[in-house]
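> Sequence first, predicted coordinates after that:
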Amino acid sequence: MSTERSPAPTRHRLVHAAFWGASLYFGWRWSSESGPAWQHALQLLAIMPAAVSAVQLVRRWRVRHRRGDGVLGRLPVRDLFLAKLLLIASALALDYLLQCWIPPQSAQIIAGAGLCVAFATIGPALHRRHSDSRAP
């Protein structure tokens with residue numbers, strides 16, 4: 001009986017951890033900044049391409065130096081960007097909707113928490129779906 005562990009569960013854990021880290025950052029940025037909700041949305045939309053570009057640069061460096069794709073694998077950049085765009089639009093709508101009933105700061109916190117949870121659950125699912133569809 002072999003006691004070797006498959007790299008797939010570790011890879012999935014690391015992908016989940018990376019998405020949770022990024023989602024906590026996006027949720028924190030949304031809920032901690034003062035100002036209107038549209039400003040938060042624009043800030044996050046400006047940060048997203050930079051983050052994806054950094055991940056792609058690291059991935060290319062790993063491939064060029066023969067370290068394989070590792071945890072990063074092949075990212076579904078287009079799908080992730082569209083999902084993030086939809087999530088930010090949803091957070092913006094939720095923020096404005098909640099401001100009708102509760103104070104703006106509370107609405108900001110709720111929208112930021114919702115953005116965090118949604119991004120942390122949708123991101124790994126898209127990554128897994130993309131990785132499964134590309135498997136030989």
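Yep, it's here.

> Distance check, residue 51 against residue 81.
11 Å (CB to CB, to the nearest Å). In short, each C-beta sits where N, CA and C put it, glycine included.

> ditto for residue 100
The spacing between residue 100 and residue 81, counted by CB to CB, is 30 Å.

> swap in residue 90?
Using CB to CB, residue 90 is found at 15 Å from residue 81.

> pretty sure residue 15 is in contact with residue 126, am I right?
No. Applying CB atoms under 8 Å as the test, residue 15 and residue 126 come out as separate, 10.4 Å apart.

> what's around residue 61, how many residues?
Other residues within reach of residue 61 by the criterion other CB atoms under 10 Å amount to 10.

> swap that for residue 34, sorry
Count around residue 34 with other CB under 10 Å applied: 9.

> Likewise for residue 25?
15.

> what's near enough to touch it?
Contact criterion CB atoms under 8 Å, 6 or more residues apart in numbering gives no residues in contact with residue 25.

> Now it: which helix or strand?
In this assignment (DSSP states H and E), residue 25 forms part of helix 7-32.
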